[in-house]
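Participant: Turn this into a model:
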Amino acid sequence: MSKIDYCFSNDYMVLRPDRAGPFELLHLLFSPKVGRNRAVDCFTSTEIRSFVRRLAIFFNLLLQIVLLSLAGPVAAIGAAVEFALNFMDNIFQGKMEYPDRSSATYRSLTGLIDGRVDLDKSIAPADSRYHASLCLMASKVAYENEAFIRDVVTQRWQMEFVKFFNCWNEFENAYTAQAFVFWAPDAEVVVVAFRGTPALDTAQWRADVDPSWYKVPRLGRAHAAYTHALGAQRNMGWPKWVEHVKGKPNKVYAYYAIRDAVKEIMEANGKARLLVTGHGSGGALAVLFATVLAYHREKAVLDRLAGVYTFGQPRVGDAMLAMFAERHLDRPKKRHFRFAYAGDPQPRLPAGESSPAHFMHFGLCLHFDVSYNLKVFMEIPGEASATSSPAGFLVSRVNAARELGRSVYLGYWRSAYFREGWVLLLMRVLAVVLPGLPFHRLHDYINAVALAAHIPKDE
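Facilitator: Sure, this is the predicted structure:
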């Protein structure tokens, strides 16, 4: 990439770990002239006089370099573990066959940790929890392959599968976004579900911790990595229309391909309303997708938006973007619902750049504590607390022990629906020693929504 790729933006700062050598890292520590640093793409005149901010960039670049260097080995280990667990699952089911990664029975690590895919039959479409529950399970299934997703939607949920998307990232020259769309006739909703960060994909972890941003005219500062994944264009940013990669029909851009599919199905179903959802980075893509719809003044779609439901979503923009999104998504009624669970670390990302001038949360925060009690906030509770302090460490250990005990009794106290498998129980045990290990997994969000008496909706 070159700086001309960002000419659509009137201000930007993009970290480049691929160009960060010893000289560039030392330059960050001793010179405020970051615009002259090869590891930071920004205007040449840019200066950061705060040593604390430059130090934060220094450590962030180091972290990204480490994550990129681990990407290959960790991906190989993850693929081997995933394959082995699927093979063991086949053996337990009496099938002596090697797993096929593209089959409808092959599960990702997320699916192996929590095998639930069926919708909670006790939650009817009229229930205040229905949209959240449907979106949550769709966000979970989004981690799987196309055949698995199609089978779940059509056979288990008895709904209409519309399309699976594996989308091209022009800045990374790779497929970095996946999503699927389905139609629920009984509830009269079209659902778009974005996949979050795969469990052992350190290249995607790098995107989650990256504090890079662009300032888009009329919109505000947007997280660069999620902007790239959603389909922003080199030199142009967010034009209303683009041509997909010529001669390569499989290379489609997420926002544009999904928007067109949604518009087509909603035109064919006059009463259909739209739900957009995702877990983790998938939640970031979901809220940015709805925000860009507003940016392009897609009024016909936005008027039928029933809600944007995100789970463990990181921050995606600054105060200006937050005001833009709230003006279009939360007026005249709330339509952006941002769920967070206990100590889930991902909603606190990007770390170190959480001021309104850089990144902040927006939308209604529905926070569940470790006992699955729901409280409504505008920000994540305990955001400013020092989790690395002795008191914070003690609290995290107590919470991990509470979660382990809860996992043992909940499946027997409530119903088998909440019973956890051995992989998840092992993670709970390890979490007593390793803080935060299972906090970002979807099972706690599923349990919390299922056990909630009421979820705010259009209120």
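Participant: quick one: the strands in the stretch 201-350 of the chain?
Facilitator: Along the stretch 201-350 of the chain, counting by DSSP state E, counting those that start in this stretch, strands occupy 213-216, 220-223, 273-279, 305-311, 336-341.
Participant: Ok, which of those comes nearest residue 53?
Facilitator: Nearest of these to residue 53, taken as C-beta to C-beta: strand 213-216 at 13.5 Å. From N, CA and C alone the C-beta is placed, and that goes for glycine too.
Participant: Next, format the strands of the stretch 201-350 of the chain as a markdown table and append distance to residue 91.
Facilitator: As requested, the strands of the stretch 201-350 of the chain are exported to a markdown table (distance: least, C-beta to C-beta, whole Å):
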| stretch | distance to residue 91 |
| --- | --- |
| strand 213-216 | 48 |
| strand 220-223 | 43 |
| strand 273-279 | 29 |
| strand 305-311 | 32 |
| strand 336-341 | 33 |
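Participant: Confidence-wise, which of these is weakest overall?
Facilitator: Lowest mean pLDDT of those: strand 213-216, a mean of 90.
Participant: Need phi/psi at the nearest residue to residue 224 once chain neighbours are set aside.
Facilitator: With C-beta to C-beta, 6 or more residues apart in numbering as the criterion, residue 224 has its nearest non-adjacent residue at 3.7 Å, and that residue is residue 212. With angles defined as degrees, to the nearest 10, residue 212 sits at phi -60, psi 150.
Participant: Around residue 268, how many other residues sit close by?
Facilitator: As a burial measure, residue 268 scores 9 neighbours (other C-beta atoms under 10 Å).
Participant: ok, which stretches of the stretch 101-250 of the chain are helices?
Facilitator: Secondary structure of the stretch 101-250 of the chain (DSSP state H, counting those that start in this stretch): helices located at 109-113, 130-141, 146-151, 202-209, 224-230.
Participant: And those helices: which comes nearest residue 337?
Facilitator: Nearest of the helices of the stretch 101-250 of the chain to residue 337, taken as C-beta to C-beta: helix 130-141 at 6.9 Å.
Participant: got the angle for the closest one vs strand 273-279?
Facilitator: 50 degrees (axes from the mean of the first three to the mean of the last three C-alpha atoms, to 10 degrees).
Participant: mean confidence for helix 130-141?
Facilitator: 96.
Participant: Flag the shaky bits of this protein, pLDDT-wise.
Facilitator: Applying pLDDT under 70 to the chain flags the ranges 1-7, 244-249, 352-357, 378-393, 435-439, 458-459.
Participant: Geometric centre of it: which residue is closest?
Facilitator: Closest to where the C-alpha atoms of the chain average out (C-alpha atoms, centre = their mean) is residue 281, at 2.0 Å.
Participant: so it touches residue 198, yeah?
Facilitator: No - look at residue 281 against residue 198 with C-beta atoms under 8 Å: they stay out of range, at 9.8 Å.
Participant: Between the two, which contacts overlap?
Facilitator: Here residue 281 and residue 198 have residue 204 as joint contacts, going by C-beta atoms under 8 Å, 6 or more residues apart in numbering.
Participant: ends of stretch 262-279, how far apart?
Facilitator: 20 Å (C-alpha to C-alpha, to the nearest Å).
Participant: Any buried residues in it, and which?
Facilitator: 262-263, 265-266, 269, 272-279 (16 or more other C-beta atoms under 10 Å).
Participant: of all those, which two lie farthest apart?
Facilitator: Taking C-beta to C-beta, no two of these sit farther apart than 269 and 279, at 26.1 Å.
Participant: who touches the closest residue in space to residue 193 that isn't next to it in sequence in this structure?
Facilitator: Distances taken as C-beta to C-beta, 6+ apart place residue 138 nearest to residue 193, at 3.8 Å, with adjacent residues excluded. Listed by C-beta under 8 Å, 6+ apart, the contact partners of residue 138 are 180, 182, 191, 193, 277.
Participant: Tell me which entries of those lie within strands.
Facilitator: 180, 182, 191, 193, 277 (DSSP state E).
Participant: Turn those residues into TSV, columns for distance to residue 238.
Facilitator: Formatted as TSV, the ones in strands among the contacts of residue 138 follow (distance: C-beta to C-beta, whole Å):
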residue	distance to residue 238
180	23
182	26
191	23
193	22
277	21
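Participant: of these, closest to residue 401?
Facilitator: Distances from residue 401 to these, taken by C-beta to C-beta, are shortest for residue 277, at 31.6 Å.
Participant: who does that closest one bridge with?
Facilitator: residue 193, residue 309 (DSSP bridges).
Participant: Could you count how many residues lie near residue 316?
Facilitator: 30.
Participant: Ignore what I typed, I meant residue 66.
Facilitator: Using other C-beta under 10 Å, residue 66 has 13 other residues around it.
Participant: Now do the contacts for it.
Facilitator: Contacts of residue 66 (C-beta under 8 Å, 6+ apart): none.
Participant: so it is in which element?
Facilitator: Per DSSP states H and E, residue 66 falls inside helix 51-92.
Participant: And that helix, how far out from the chain middle?
Facilitator: 16 Å (C-alpha atoms, centre = their mean, to the nearest Å).
Participant: Residue 302: neighbouring residues, count only.
Facilitator: 16.
Participant: Oh, that last question was meant for residue 49, not what I typed.
Facilitator: Neighbours of residue 49 (other C-beta under 10 Å): 8.
Participant: Also residue 250?
Facilitator: 10.
Participant: Apart from its chain neighbours, what residue comes closest to it?
Facilitator: Counting by C-beta to C-beta, 6+ apart, the residue nearest residue 250 is residue 166, at 7.5 Å.
Participant: For residue 421, which of the helices of the stretch 101-250 of the chain is the nearest?
Facilitator: Across these, residue 421 has its closest neighbour in helix 109-113 (7.5 Å, C-beta to C-beta).
Participant: which residues touch residue 419?
Facilitator: Shown in contact with residue 419 (C-beta under 8 Å, 6+ apart): 410-412.
Participant: Stretch 271-285 spans what distance, first to last residue?
Facilitator: Where stretch 271-285 begins and where it ends lie 25 Å apart, using C-alpha to C-alpha.
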